[in-house]
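K.L.:
Need a 3D model of the following:
(one chain, ligands or ions: 1)
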Amino acid sequence: MHALNGKVAIISGASSGIGRAAALLFARMGAAVVLGARREQQLEQLAAEIRLEGGKAEWIAGDVRDEAYAERLVEAAVNGFGGLDIAFNNAGTLGPLSPSLALSAAQWRDVLETNLSGCFYGAKYQIPAMLQRGAGSVIFTSTFVGHTAAFPGTAAYAASKSGLIGLTQALAVEFGGQGIRVNALLPGGTDTAMGRQMSDTPEALRQVANLHALKRLAMPEEIAASALYLASDASSFVTGTAMLVDGGVSINRS
Ligand code: NAD
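P.N.:
Here you go, the predicted structure:
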């Protein structure tokens, strides 16, 4: 018996990194998965890989800044697999790494739209579908950046991602009585395309790794394992949290 047998999950940002690892893990754990991101080829390949392993997967390419895309993903879950139990709203962007006050209004809005509004649009359609089933787990990928540690040049990223913690809490109290759990997952530095964007030289990578008590970055599979915990009944009494899975970057002072 797998942890997600019979469940249906939407995973955004599934074309790479943490989302891709979570898609593979959730499918192996028995969930039918609806994969979202912008790059068609990566999604198509991932769906094929999951089906080859005997899993169930559909994909729809689109942009999380588009509210209609959020609705389409939920329709795919309901029409293709009969409903929705889990939504891992994980797509995100770092935005330009430049002095914060040099951000244009358009750049600021773009990061906020992707990281914060995109998650709101997702929840707006996901939660009604979950209410039809009488239960559900919504997960937002936030970060420790802007919550337990601050870095220069990350104003839009930090603001958008800590905004997700407020969104998590508001939705958790609003829908908890109806069986919906809502949690934010806060990874530490993770070895993905985005992780490499933040640390683009071996020295920078070593420096960022050293900020963590574990003296390394996470592999995307390690963050996916924590998303699985929040998605599954193992976390049945966990809601409204900002769950750090950060290798000790928040407590490290050495
Ligand atoms: P990644 O670059 O491999 O993945 C990001 C995913 O989001 C990709 O699939 C990308 O296509 C998708 N995406 C970005 N903008 C989108 C848009 N407008 N519409 C649809 N999809 C879009 O990086 P990752 O590290 O796997 O990032 C996943 C999440 O983890 C992000 O929300 C990120 O902020 C968060 N996070 C990453 C780290 C890290 O160190 N890598 C640390 C903490 C939090």
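K.L.:
dump the residue contacts of residue 61.
P.N.:
Taking CB atoms under 8 Å, 6 or more residues apart in numbering, we find residue 61 in contact with 36-40, 43. The way it works is simple: take the backbone N, C-alpha and C, and place the C-beta from them, glycine included.
K.L.:
Using JSON lines, lay out those residues together with pLDDT and neighbour count.
P.N.:
Shown next, in JSON lines, are these (pLDDT from 0 to 100; neighbours: other CB atoms under 10 Å):
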{"residue": "36", "pLDDT": "98", "neighbour count": "32"}
{"residue": "37", "pLDDT": "97", "neighbour count": "25"}
{"residue": "38", "pLDDT": "97", "neighbour count": "14"}
{"residue": "39", "pLDDT": "97", "neighbour count": "12"}
{"residue": "40", "pLDDT": "98", "neighbour count": "13"}
{"residue": "43", "pLDDT": "98", "neighbour count": "23"}
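K.L.:
Contact partners for residue 81?
P.N.:
Residues in contact with residue 81, defined by CB under 8 Å, 6+ apart, are 8, 32, 34, 56, 58.
K.L.:
ok, now with 7 Å
P.N.:
In this structure, residue 81 makes contact with 8, 32, 56, judged by CB atoms under 7 Å, 6 or more residues apart in numbering.
K.L.:
where does the nearest residue to the first one once chain neighbours are set aside sit relative to residue 47, distance-wise?
P.N.:
Nearest-residue entry for residue 8: residue 81, 4.3 Å, with adjacent residues in sequence omitted and distances by CB to CB, 6 or more residues apart in numbering. Distance from residue 81 to residue 47, counting by CB to CB, to the nearest Å: 13 Å.
K.L.:
what sits opposite residue 88 in the beta ladder?
P.N.:
residue 11, residue 139 (DSSP bridges).
K.L.:
Burial check on it, number of neighbours?
P.N.:
Burial of residue 88, expressed as a neighbour count using other CB atoms under 10 Å, amounts to 30.
K.L.:
That one and residue 22 touch, don't they?
P.N.:
Yes - at 5.6 Å, residue 88 counts as touching residue 22 under the criterion of CB atoms under 7 Å.
K.L.:
any common contacting residues for those two?
P.N.:
Counting by CB under 7 Å, 6+ apart, the residues touching both residue 88 and residue 22 are 11, 227.
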